[in-house]
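A.B. asks: Build me a model:
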Amino acid sequence: MIAFTVFGEAKPGGSKRAFQNPHTGRIAVVDSSGKAGKDWRRAVTEAAAEAMGNRALYREALVVSMIFYRPRPKAHLRTNGEVRPSAPRDPITRPDVLKLARLCEDALTGIVYHDDSCIVSEHLYKCYGEPARVYVSIDTAANAKPIHSSLRAAVA
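C.D. replies: Purely as a prediction, here's the structure:
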């Protein structure tokens, strides 16, 4: 199992667009996530590479967990810093958790696992927390423990 944290505000994976180069005939795929997405992807890749050390890429069934911590908007806070009772418990604003996970999954390909098709179970959670960050854990399906209750407890 490996686990690591990447600090910073997670960026979503953009939509992919494929087109054929009219001059070479080659198919090119571009991601619309932009510079911020590239910087976040690099941060995830670097943290994953450090966590992997000299281990070989995983090529077996994997269980992946990601907890995305997002900063709470100032409008959710009272002047004394306490959270207003009317503030939502969890962030229900964009980007959605699947798009946040998409960029992380892609960043881990070739660093942690051979291909993201190795992921057979994925547990995602988006919550408020400071500092902004994502916590990622990856384990083989054979070794993974059920985490539904522990994931919820970790962010409560």
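A.B. asks: Walk me through which strands the host helix or strand of I67 pairs with, and which way each runs.
C.D. replies: For I67, the element it lies in under DSSP states H and E is strand 62-70. Partners of strand 62-70 in the sheet, by DSSP bridges, are strand 119-128 (parallel), strand 133-140 (antiparallel).
A.B. asks: looking at those, which is closest to I2?
C.D. replies: strand 133-140 (5.3 Å; C-beta to C-beta). Yep, even glycine has a C-beta here, placed from its N, CA and C like the rest.
A.B. asks: Dump that closest one to CSV, keeping only the CA atoms.
C.D. replies: Taking Å, rounded to 0.1, in the frame of the first residue of the first chain, the C-alpha atoms of strand 133-140 are listed here in CSV:
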residue,chain,number,x,y,z
ARG,A,133,-5.2,19.1,-0.3
VAL,A,134,-5.9,15.6,-1.5
TYR,A,135,-5.1,12.5,0.4
VAL,A,136,-4.6,9.5,-1.8
SER,A,137,-4.2,5.8,-0.8
ILE,A,138,-3.7,2.9,-3.1
ASP,A,139,-3.7,-0.8,-2.2
THR,A,140,-4.0,-4.0,-4.1
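A.B. asks: Which residues outside that strand are in contact with it?
C.D. replies: 1-8, 10, 44, 47-48, 58, 60-69, 100, 104, 108, 112-113 (C-beta atoms under 8 Å, 6 or more residues apart in numbering).
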